[in-house]
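Peer 1: Kindly return the folded structure for what I paste below:
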Amino acid sequence: MKISTLIAVVTLGFLLGGTGMAAAQNFQWQANAYNDAGNGGKYTAHLTQGVPETDNTAFRASCQAGSSARFAPAVFV
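Peer 2: Sure, this is the predicted structure:
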């Protein structure tokens, strides 16, 4: 997956998610990446907008090294 695709998904999520409500609930952008042992050790990255250390999430996108997908799966809540 190309980095430009992930950037486009993040931008779309930011625009659709709005910032007013997110700021009122202390939402933050969080990014993490790791080698997924359960999936053959493939490098996996996630980008999330939510309240840290809770299940309160407004947006999440993920991508995995070696994926043939053209777009990052994204979830809007």
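Peer 1: drop to CA atoms for contacts and neighbour counts, all remaining ones
Peer 2: Noted.
Peer 1: And the helices in this structure, which stretches?
Peer 2: Counting by DSSP state H, the chain has helices at residues 3-17, 20-24.
Peer 1: just checking, which of the ones you listed comes out with the lowest mean pLDDT?
Peer 2: Taking the mean pLDDT of each of the helices of the chain, the lowest value is held by helix 20-24, a mean of 54.
Peer 1: So which residues make contact with stretch 44-60?
Peer 2: With CA atoms under 8 Å, 6 or more residues apart in numbering as the test, stretch 44-60 has contacts from 10, 13, 17, 22, 25-36, 61-65, 74-77.
Peer 1: Swap in 7 Å and give it another go.
Peer 2: The set of residues external to stretch 44-60 that reach it, using CA atoms under 7 Å, 6 or more residues apart in numbering, is 13, 26-36, 61-65, 74-77.
Peer 1: so how far is residue 76 from residue 41?
Peer 2: Distance check for residue 41 against residue 76: by CA to CA, to the nearest Å, it reads 27 Å.
Peer 1: Sorry, wrong one. I was asking about residue 58.
Peer 2: Distance of residue 58 to residue 76, computed by CA to CA: 6 Å.
Peer 1: With residue 39 instead?
Peer 2: The spacing between residue 39 and residue 76, counted by CA to CA, is 24 Å.
Peer 1: what does residue 40 give?
Peer 2: Distance from residue 40 to residue 76, by CA to CA: 28 Å.
Peer 1: Who are the contact partners of residue 65?
Peer 2: Under the criterion of CA under 7 Å, 6+ apart, the contact partners of residue 65 comprise 42-44.
Peer 1: Among these, which one has the most neighbours?
Peer 2: residue 44 (17 neighbours; other CA atoms under 10 Å).
Peer 1: What's the per-residue pLDDT of that one here?
Peer 2: Predicted confidence (pLDDT) at residue 44: the value is 88.
Peer 1: how many neighbours does the nearest residue to it once chain neighbours are set aside have?
Peer 2: Spatial nearest neighbour of residue 44, excluding adjacent residues (CA to CA, 6 or more residues apart in numbering): residue 64 at 4.4 Å. The tally of other residues near residue 64 (other CA under 10 Å) stands at 19.
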